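**Student:** Requesting a structural model of the entry that follows:
(2 chains)
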2 protein chains.
Amino acid sequence: MGLTRRDFLMRTGQAGGFGAAFVMMQSLGLLPLPEAAAEAGRLHLVDGKGTRVVILGGGIAGLVSAYELRKAGYTCTVLEARERPGGRNWSVRDTTRVEFIDGSVQSCVFREGNYMNAGPARLPSIHTHMLGYCRELEVPLEVEVNSSRCALMQSGKLNDGIAVQERRVVNDTRGHVSELLAKCIRKGALDEDVTADDKERMLAFLMQYGDLQPDYLFKGSQRSGFKVPPGAEKQKPEPIDPLPMHALLDADLWSGMLSEEVIDWQPTMFQPIGGMDRIPYAFARHLGKTIRFGAEVKQIRQSAAGVTVSYQDRARGATHTVEADYCICCLPLTIMKKIDADFSDPVRAVIDSITYDHAYKIAWEAPRFWEKQNNIYGGLSWLQQTVNVIWYPSAKFFSENGVIIGGYSVENGTPFGKLPDMQAKLDASRHAIDLLHPGHGADLANPIYVNWGNIPFSEGSWIQGFGRAGNLDALLVADRRVYFAGDHTSHLVGWQEGAALSAIRVINQLGARVQSGTDAG
Amino acid sequence: MGLTRRDFLMRTGQAGGFGAAFVMMQSLGLLPLPEAAAEAGRLHLVDGKGTRVVILGGGIAGLVSAYELRKAGYTCTVLEARERPGGRNWSVRDTTRVEFIDGSVQSCVFREGNYMNAGPARLPSIHTHMLGYCRELEVPLEVEVNSSRCALMQSGKLNDGIAVQERRVVNDTRGHVSELLAKCIRKGALDEDVTADDKERMLAFLMQYGDLQPDYLFKGSQRSGFKVPPGAEKQKPEPIDPLPMHALLDADLWSGMLSEEVIDWQPTMFQPIGGMDRIPYAFARHLGKTIRFGAEVKQIRQSAAGVTVSYQDRARGATHTVEADYCICCLPLTIMKKIDADFSDPVRAVIDSITYDHAYKIAWEAPRFWEKQNNIYGGLSWLQQTVNVIWYPSAKFFSENGVIIGGYSVENGTPFGKLPDMQAKLDASRHAIDLLHPGHGADLANPIYVNWGNIPFSEGSWIQGFGRAGNLDALLVADRRVYFAGDHTSHLVGWQEGAALSAIRVINQLGARVQSGTDAG
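**Tutor:** Modelled structure (predicted):
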């Protein structure tokens, strides 16, 4: 084509760098097109007439709050302790420093284009607000493959401890269940419950459901794979021998197997091309100087007239204050515990009562042995080990090198969390990957370990148990002039969509109050 | 960013047009990297020393044959009746003419970038030869989403005929099956078959499998969706009411529901960015003048010394002959029936005995109402209608407009095939889409209807029944100097992988023969 890649990149660079690449991708149809405001119909903001709102925390809840309020004519200030937007939405890539509270420091040395989404990494189709913001802010998305039938499952109690393909566990289980139920029906065990007609239809259904033989027995299915694969020679394909139900029960791989049916993990899922932090950076570009980075909140004081927030400029050490009419506090409860705030007793009681889970992820760079040798393109493998999940990249399929996640779970109360130090954790991660991909533990390089319990300004990943705490209602209304947002105040704990929904709740509440003029008298 | 999209596209155009876009995508990591020969280890070709091979048909089998034989030093000629490579691998896009044998002509008027893969449209992860050729020929791939839990299922016997989300059918069915089996186990119906210990473990498993209540009853699951969705207000999420098992049996949506577990339809699947025909065009670019387009094979004659193939130059009308040492015949059997060839009796018997299915697809251009209103991104919806499947595009998610497939099945022996004319078929397609997406039938424009039984030089989609015919063995060995390839000679009928595997079988057979010198004496 008379143009080398370097030539082209140089010209692209001259033509505008990342922006040019962005426009190029848009021209290739790889980008979402802008739409009117995301789910705008759900927001009922009238002109804020410069009402001042100070927003604590530049994670998704804070960014959505500022973005929507500014559109409606409010004057916003976002105080963010870190030097970047996004909070737990954090993509670690080359040169990123991962600093723990305990003082340990890792410096990421990934290849260009590689990244690890240390926090959220998936956008389900049904999280329409987050997808709407991606569309509105022109964040290009690609499919995040969350389930691959070529992915692996491993237990010491199954197949002599050798990993098997997920398709075998899924389809052999369904086969056995179908055989057992067909047997019961044919014995008459359900005669009291089903009509003779339904009985016949149930049997016909189970034959299809479990891929049973004409005698209603499960003797293996091509859905599970092949002993003799279909080729172009004479031999006919033959299904692989089924895994015995007894061994499947021993292995207890059910939670991994069923994870694909958890509603927020069902296909289709997406991820921003280049890293999840494309979303907060897109908000931040839009918000400009509305966000003050390196601003660590120290004190919150309310009066009849407004809210005063003091913060420390972490770079220069000076303390500043922001005066505002209202405050939206999007800080995690772990951090709110430590702030000098004149919250009401019920709010203080909630804050003091709640603890957070400490989720971790470990990422490695490696040549894509999982694609080349196992035909695994995205998805997760599950195993009964200290590190119990391996997550394959959905970014840059078929390229040479990629980032594989070796472990994603909580540390509190788990065997992984009890490992003595970082090295032991990295070793456990490498061991798990090597168990599924024998010999390839040695191919893993440049590990990054993120434990959210050990990350400053987060000190946890989500409310313990991954569900909204029962006593959280006090945070759903304003404490005088302070509102509370964040995924922890939603029923979608640990999801960006929950953070966005909580922000929308708060700004609707605040908007109604400003419009009503309650505070003006 | 100081650069409009038009500016950038103009500069890109100056910098090399499509080639530049290609390099750009590569630089963005969207392209596969070249590798050594795809599955080269499976090919054992020694130097062909100019052995002449005439290859009949420029579909995947013919292209793979020519590509591999040329690399090994054979002199190849591919005769292809059409003016394009690919055979049934055919992407219809703006300006494509769809001419039927019955004389009807359609002219496609899609927007730029839109296409319909009239033939194959999916590459499963396990079809390693086709993926290998994409890597080797630098055909950029993207995920083909073959299953979306937001997709719809419809039957007049379920939910008053109103379509329901696939997640409900899948998860409610599993719930009911689990409840019924748990009931039988607790009644003791399986006491002869399972130990007391396994019985307990089965019950624990079924509770998880079906998302049962503590009393082992299925009362709905959040896996199926919500009556009250999880939000940021006080209300707790509540699962949607389950569909009754009786109604699910009535609806009989099983084959659609289970299609995602057919081994070649399991995730992860891919598609070339821009259309499936990127693959044959990539082969064709490599093969150059090895392919003679517009060359309709009329006669095949063998002698002790070689093969003579006569063909008509369709553009100029003249008849030409090609002399070769060997022939690889990749034509469909429907076409072979009509060619004057001195095949052996057993080969002729196979050819005469086999009939083909007539698969069809109907494509429409439309605004993406399925994405905006139903959160459906790719996947297939199933319905109990004359047109029984709707297939959503995996290309250019979130863009304004897309190509939706309204109907993909066989015409022979089906109600669809009995419809009187093309207009009735388009009406049935529009009706099906409108039934799932009420009011949006009116949004469908620019239909294209492809019935492979009516397409010249194909006259069918695949061997009837979509499986290798029992008596096909005569085509697996050479008929003197003529070899037979094509998906119909494989156990992967209707798949490009079957065509590629058949080509590899033939060239290994041919290579061994040339190396042995059998024919030289």
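
**Student:** how about the residues of the stretch 51-200 of chain A near chain B?
**Tutor:** If contact is defined as Cβ under 8 Å from any Cβ of the partner chain, the residues of the stretch 51-200 of chain A in contact with chain B are A:113, A:125-126, A:128, A:131, A:134-135, A:141-143, A:145, A:147-150, A:167, A:170-171, A:173-174, A:177-178, A:180-181, A:183-184, A:187, A:189-190, A:193, A:198. No exception for glycine: its C-beta is placed from N, CA and C like everyone else's.

**Student:** middle-most residue in chain A, spatially?
**Tutor:** A:P120 (2.9 Å; Cα atoms, centre = their mean).

**Student:** Excluding sequence neighbours, find me the nearest residue to A:L141.
**Tutor:** Taking Cβ to Cβ, 6 or more residues apart in numbering or on different chains as the measure, A:L141 lies nearest to A:F270, with 4.3 Å between them; neighbours along the chain are not counted.

**Student:** To clarify, my last question referred to A:H440.
**Tutor:** Leaving out its chain neighbours, the residue that sits closest to A:H440 by Cβ to Cβ, 6+ apart is A:F369, at 4.7 Å.

**Student:** One more: A:H129?
**Tutor:** A:A500 (4.3 Å).

**Student:** ok, now A:V482?
**Tutor:** Counting by Cβ to Cβ, 6+ apart, the nearest residue to A:V482 once its immediate chain neighbours are dropped is A:C327, at 4.5 Å.

**Student:** For that neighbour, give the beta-bridge partners.
**Tutor:** Partner residues in beta bridges with A:C327, using DSSP bridges, are A:V54, A:V482.

**Student:** right, and it touches A:Y483 too?
**Tutor:** Yes. Here A:C327 reaches A:Y483: they are 7.0 Å apart, a contact under Cβ atoms under 8 Å.

**Student:** Look at these two and report which has more neighbours.
**Tutor:** Neighbours were tallied for A:C327 and for A:Y483 using other Cβ atoms under 10 Å in any protein chain shown; the higher tally belongs to A:C327 (31 against 27).

**Student:** any idea how far the more buried one lies from A:M153?
**Tutor:** As judged by Cβ to Cβ, to the nearest Å, A:C327 and A:M153 stand 48 Å apart.

**Student:** Now do the strands in the stretch 401-521 of chain A.
**Tutor:** Residue ranges of the strands in the stretch 401-521 of chain A, as given by DSSP state E, counting those that start in this stretch, are A:401-410, A:445-451, A:462-463, A:482-484.

**Student:** can you pull the contacts of the residue nearest to A:V482?
**Tutor:** For A:C327, the contacting residues are A:53-56, A:300, A:302, A:307, A:309, A:481-483, by Cβ atoms under 8 Å, 6 or more residues apart in numbering or on different chains.

**Student:** what's the most distant pair in the residues you listed?
**Tutor:** Greatest spatial distance among the contacts of A:C327 (Cβ to Cβ): A:I55 and A:Q302, at 15.4 Å.

**Student:** higher neighbour count, these two?
**Tutor:** In this comparison of A:I55 against A:Q302, neighbours counted by other Cβ under 10 Å, the higher total goes to A:I55 at 32 against 19.

**Student:** And the pLDDT for the more buried one?
**Tutor:** Residue-level confidence at A:I55 comes out at 98, pLDDT.

**Student:** quick one: contacts for it?
**Tutor:** Under the criterion of Cβ under 8 Å, 6+ apart, the neighbours of A:I55 are A:62, A:65-66, A:76-79, A:327-328, A:330.

**Student:** Please report how far it lies from A:N508.
**Tutor:** From A:I55 across to A:N508, the span is 15 Å (Cβ to Cβ).

**Student:** Could you do A:S399 as well?
**Tutor:** When Cβ to Cβ is applied, the distance between A:S399 and A:N508 equals 44 Å.

**Student:** who has more neighbours, those two?
**Tutor:** A:S399 (20 against 16).

**Student:** sorry, back to before: make sure the residue nearest to A:H129 is actually in contact with A:L131.
**Tutor:** No. Taking contacts as Cβ under 8 Å, A:A500 lies outside contact range of A:L131: 10.2 Å.

**Student:** which one of those two has more residues nearby?
**Tutor:** A:A500 (29 against 25).

**Student:** List buried residues within the residues of the stretch 51-200 of chain A next to chain B.
**Tutor:** Restricting those to buried positions leaves A:113, A:125-126, A:128, A:131, A:134-135, A:141-143, A:145, A:147-150, A:167, A:170-171, A:173-174, A:177-178, A:180-181, A:183-184, A:189-190, A:198, with burial counted as 16 or more other Cβ atoms under 10 Å in any protein chain shown.
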